[in-house]
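Visitor: how would this look folded up:
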Amino acid sequence: MEEDTRNLIDEYKGLSNEQVFDALDKKRSSLEVAIENVEHDFNIGTIVRNANSFNVAKVHIIGKKKYNRRGAMCTDKYLEIVHHPDLESFLSTQNGRELVAIENNTPRAAALNGKKFIQKTTLIFGSENNGISKELLEAAADVRYIESFGSTRSVNVGVAAGIAMYEWARQNILG
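Guide: Take a look at the predicted model:
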């Protein structure tokens, strides 16, 4: 038998991609993630990889469809990714969910460390250059930024996604 060289924890080694997906599907979290118009495909791949690590229920990509799957390290095979051609299409899927935008370029934003997340949360991430669109920010119930302690006012969007997903998981999974 060949050695399974995929970047999987031991529990999933030797299983087909479909079997891994099904096993993860049985214990998915309620967290969803939305990505709006992120320009750099590698950043989308990084967010998808983070989403797999936190076993999110769904990843929504709003607008741009393709992304660098290499950055996702094949983790896109193990979770549901939904493409929405426009904002309205995405918003129609979010009934009963709290939309939390992670954005530092708006006066409405409050520090992430003060946020109490609910189970049915969708975290929203946008372009590093232009941020989240005005329309999506208006649709969000809450806007949070990640505190910075150095000279840069923000971290990379892929890093921000990992931090925000971890904070949601810390509150809702780790307790």
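Visitor: where along the protein do the helices fall?
Guide: Taking DSSP state H as the criterion, the chain carries its helices at 17-25, 41-53, 87-91, 134-139, 157-172.
Visitor: winner for burial among those helices?
Guide: Mean neighbour count, computed with mean count of other CB atoms under 10 Å, is highest for helix 41-53 among the helices of the chain, reaching a mean of 22. (Glycine included, C-beta is placed from N, CA and C.)
Visitor: strands along the protein, start to end?
Guide: 32-36, 58-62, 81-84, 98-102, 110-111, 121-126, 142-145 (DSSP state E).
Visitor: could you save these as CSV and add columns showing distance to Ile163?
Guide: As requested, the strands of the chain are exported to CSV (distance: least, CB to CB, whole Å):
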stretch, distance to Ile163
strand 32-36, 13
strand 58-62, 17
strand 81-84, 21
strand 98-102, 8
strand 110-111, 12
strand 121-126, 10
strand 142-145, 10
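Visitor: turn those into CSV, including distance to Ser92, mean neighbour count and mean pLDDT.
Guide: Shown next, in CSV, are the strands of the chain (distance: least, CB to CB, whole Å; neighbours: other CB atoms under 10 Å; pLDDT from 0 to 100):
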stretch, distance to Ser92, mean neighbour count, mean pLDDT
strand 32-36, 13, 26, 97
strand 58-62, 11, 21, 95
strand 81-84, 9, 16, 93
strand 98-102, 13, 22, 98
strand 110-111, 27, 10, 97
strand 121-126, 13, 26, 97
strand 142-145, 20, 20, 98
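Visitor: closest one to Glu18 among the ones you listed?
Guide: Glu18 sits nearest to strand 81-84 of all the strands of the chain, at 15.3 Å, using CB to CB.
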